[in-house]
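Visitor: give me coordinates for this.
(2 chains)
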There are 2 protein chains.
Amino acid sequence: MHWSGWGDPAKARELPEQVRTLLRDLLGVREPAVPAATMESVRLAPVALPERVLAALAGIVGEAHVRTDHEARVRHTRGKSTPDLLRMRAGDGSDAPDAVVLPGSHDEVAALLRVCADERVAVVPFGGGTSVVGGLVASRAGLDGVVALDLQRLDRLVSLDTESMTATLEPGLRAPDAERLLGEHGLTLGHFPQSYEYATLGGFAAARSSGQASAGYGRFDDLVVALTVATPEGTLELGRAPRSGAGPDLRQLVLGSEGAFGVITSLRLRVRRAPAERVYEGWRFGSFQEGSAALRALAQDGPLPTVLRLSDETETMIGLARPDAIGGGDTGCLVIAGHEGASVAGRREQAAAVLERLGGVPLGPEPGTAWEHGRFSAPYLRDSLLAAGATVETLETAGFWSNLPRLYDAVRLALLGALGSPLVMCHISHVYETGASLYFTVVTAQDGDPVEQWARAKEAVNAAIVEAGGTISHHHGVGRDHRQAYAAEVGPLGVEILRAVKARLDPAGILNPGVLVP
Amino acid sequence: MHWSGWGDPAKARELPEQVRTLLRDLLGVREPAVPAATMESVRLAPVALPERVLAALAGIVGEAHVRTDHEARVRHTRGKSTPDLLRMRAGDGSDAPDAVVLPGSHDEVAALLRVCADERVAVVPFGGGTSVVGGLVASRAGLDGVVALDLQRLDRLVSLDTESMTATLEPGLRAPDAERLLGEHGLTLGHFPQSYEYATLGGFAAARSSGQASAGYGRFDDLVVALTVATPEGTLELGRAPRSGAGPDLRQLVLGSEGAFGVITSLRLRVRRAPAERVYEGWRFGSFQEGSAALRALAQDGPLPTVLRLSDETETMIGLARPDAIGGGDTGCLVIAGHEGASVAGRREQAAAVLERLGGVPLGPEPGTAWEHGRFSAPYLRDSLLAAGATVETLETAGFWSNLPRLYDAVRLALLGALGSPLVMCHISHVYETGASLYFTVVTAQDGDPVEQWARAKEAVNAAIVEAGGTISHHHGVGRDHRQAYAAEVGPLGVEILRAVKARLDPAGILNPGVLVP
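Guide: Numbering: from 1, shown residues only, chains lettered A, B, ... in the order given. The predicted model follows:
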């Protein structure tokens, strides 16, 4: 992973000339005066942890698995939001952990948490490091230091139950590695968020991830049937059945807890047979409203495709659904409908009939293949845009169908108000019977302080989402960036519940302090 | 509702001669020596609440909505488990509330909770009164009295959102009344548990109900998209979108909370178009194992029928799946597969192909129609069995597919060990990709103290379920009867979470004390 950008540096994307022209002419983007920092030049505070604590940590995981070197600390600083990247490009390492600790088992995680609680050291669970909501920045207030708890050594497929179609896996497994291990048995999780190449299973669960094929395979929280969680006060083992009528579903308290309640050390997940067939196709609708109505019909009356997305007019025109051919977009609103399974002909035909009846024009497999080919490449493009002097960031929400137009307008208005004349694109990428997600991509010319510039825009959008009745995140999570909006969403008594749970599981307040719980 | 039995007394069922013979010859059942108590003869303690408190309650809801008469107190004593009925038949009113209070709005509920917290009065939320796990018995320890909070006046369809396919309804609505109100708009909830005729929407949510058509419509907790909850510390409003990535799903903490965390005063529920077609059919399989494999195939690879049930050899032989023709059962294992929807021919044909391929013999629509006709009548039969001197009770669990045989054997062995030679029948009535429920019906001859006799059996079964790795309830809930087993299921730290949440929402400990939280 690029230390101050996204992904494999070898896959870096040059901006096509069309895009450079667009940025210059449409948005007034100018190249930044200051070049990006090198890793060596990132400014870090001295390691705040005393030798005694470092020795205690090494006593649990071994000397080789406690790192305090410059590179390890830089690579565990913050996540991959645009402000995170802008800060790293500016050489700002102020949120770096004092040390990176790599446990190799549940028992080591449990022991580390006890030592850190005793020593008052904040613990930031670290999977793929792909948070885009400030989920990896610990508050040091009242504590003596911060360690990043990197779970990469917990990377096993522990067991497989092909009768129940579940697999027990460790949290540090990156999604492609999990798919490879399961693929050897003809199985798949079917979880493909944009962070797929780097994100880990533990992170998916802790942040309630939702992948691009969620219509077919479900959200990640739908895939979790059991969990093991280490906390400073002991271990939770939850999930004895697919569903239960015995009390509140405590699994749902761990899912989305973002490391603030404990560290997930094992996951039993639903698996599916790898699909024999896979067909992705494009459709054009005259307007976002018309396209939304078609998606709603498929979500409510079926058949629901495995992948179902709708880009609004701007996103379609810019061609963001096809990052390989960006700038070469089209009129109307593009729908991508993908079908995966043992045999898809029947469902594909029925879904096509619905889309056609509701005004869709079939574009054939070409746009679908193009989308599938480029589905993980948008974040690479962001690095090139940042280098060219444009801020590009994404944000998302979800709501009930009847409330989506209000939410859509509210977010756009907030962005226009805060940023002048940015480019705002939107798509629906997750549909349910009762509602859907809205995913926005914003491009704007950087001003003198792009971090502050975006912070203002983000604050305006958060307020707009709360006011318009949407949830503050459909699948990015809360982190630090959505904490206040989340508090408004669950209300004062909801916040009290979170605080009560945290106080009981983490009385010393060392678990990802400042994240999630206001 | 019959005060000491089930349902409409006019629908009471005489035991067929076949059944009487069976009971006598197979189980040694003899008519009890003591006749059942009359309502007037039920022994109640004097009302413990001082006039001052009763006046304060009446000040909120009006004089007419605070009742302390004998009948009101008897009718709000306990629920409808077999021990509950046996105690009422014996004239034991020792768990009666001091008063029944009937609020008419959310604000009245909130005001009542504040008064009861101030006055240290336990509050038992009361919907249809159909709990079978001791969910309606408050512990008086440390408190000055008990009121039943009957929600029957909160019975409105508040609003309908046909675009999002949701309805906002009040918790005191009985299921048939909710279906009638929604039916006027061509809509349905599709929630049909055996308690359907009496149970309320609030109770379904508070106890994580699951209906007989859960394969098609989902469990009740799947239907809940938003909730309003009154607590002594304020109001919770949860649910702004179908699903969210913003933190833990706090709705899932309210669902299954059984009145111990608050009182649900409003529910926004997913609704469906009422099905135009409905076909229920029977299939015979050679064994429970073979039938289970067929249900698993439908759950994992589809198409999943709307209703899908499998009776084991004993239940099939006794004919419990057809209460109209009980005793006239059959060999093998009966499957009921029901399809509902706008048009079911395609799914029906595909499901039939799967069932046939896996060894099923089609029995046509007759057993399906018979099951549908008798689906709510089993509890009526129980009253006749109790009167005849037989104890009949049900219990249930759920687990992953690979663990079901172990669970099945463990429960049967525990019952045989505790009861000698009872009749034990079982069916699978709820299937998921990763597992299923097991629902047991037990019939045994009453000994001198049938309540104590069943308590011993129940204790043995609870221990067996915990030991065999199942959940202590798939859809009956925890109440008092499963409290210790539930504690074992979620572990000491899980219990601490529940206690922490309860302490924050209900610091005076007045909400259904003794239920759910150990």
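
Visitor: which stretches of the stretch 201-350 of chain A form helices?
Guide: A:201-206, A:214-217, A:220-223, A:251-254, A:288-301, A:313-318, A:345-357 (DSSP state H, counting those that start in this stretch).

Visitor: could you give the mean pLDDT of the first one?
Guide: Regarding helix A:201-206, the rounded mean pLDDT is 98.

Visitor: could you list the contact residues of the stretch 351-500 of chain A toward chain B?
Guide: A:397-403, A:430, A:432-437, A:469-478, A:482, A:486, A:489-494, A:496-500 (Cβ under 8 Å from any Cβ of the partner chain). To be clear about C-beta, it is placed using only N, CA and C from the backbone, and glycine gets the same treatment.

Visitor: and the end-to-end length of stretch A:510-518?
Guide: 14 Å (Cα to Cα, to the nearest Å).

Visitor: how far does that stretch sit from the chain's center?
Guide: 18 Å (Cα atoms, centre = their mean, to the nearest Å).

Visitor: that one and chain B, are they touching?
Guide: Yes: using Cβ under 8 Å from any Cβ, stretch A:510-518 reaches chain B at A:Leu516.

Visitor: what's the answer for stretch A:141-159, then?
Guide: No: using Cβ under 8 Å from any Cβ, stretch A:141-159 stays clear of chain B, with a minimum separation of 10.7 Å.

Visitor: any idea how far the spatially closest residue to A:Thr188 that is not a sequence neighbour lies from A:Glu179?
Guide: In space, not counting the residues next to it along the chain, A:Thr188 is nearest to A:Ala274; the distance is 4.5 Å by Cβ to Cβ, 6 or more residues apart in numbering or on different chains. Per Cβ to Cβ, to the nearest Å, A:Ala274 is found 9 Å from A:Glu179.

Visitor: those two: which has the busier surroundings?
Guide: A count of neighbours by other Cβ atoms under 10 Å in any protein chain shown puts A:Glu179 above the other of A:Ala274 and A:Glu179, at 19 against 16.

Visitor: if I read this right, the more buried one contacts A:Leu189, doesn't it?
Guide: Yes: judged on Cβ atoms under 8 Å, A:Glu179 makes contact with A:Leu189 at a distance of 6.6 Å.

Visitor: which stretch among the helices of the stretch 201-350 of chain A is buried most, on average?
Guide: helix A:201-206 (a mean of 30; mean count of other Cβ atoms under 10 Å in any protein chain shown).

Visitor: assumed A:Pro362 was part of a helix.
Guide: No: judged by DSSP: H, G, I helix; E, B strand; the rest coil, A:Pro362 forms no part of a helix; its state is strand.

Visitor: quickly list what it is bridged to.
Guide: When bridges are called by DSSP bridges, A:Pro362 pairs up with A:Trp283.

Visitor: for it, give me its contacts.
Guide: Applying Cβ atoms under 8 Å, 6 or more residues apart in numbering or on different chains to A:Pro362 gives the contacts A:281-283, A:352, A:355-356.

Visitor: next one: it from A:Phe285, what distance?
Guide: 11 Å.

Visitor: contact partners for A:Leu267?
Guide: A:168-171, A:201-202, A:205, A:224, A:226-228.

Visitor: which residues do A:Ala274 and A:Glu179 both contact?
Guide: A:Thr188.

Visitor: confidence score at A:Glu31?
Guide: For A:Glu31, pLDDT reads 88.

Visitor: give me the number of residues near it?
Guide: With other Cβ under 10 Å as criterion, A:Glu31 counts 12.
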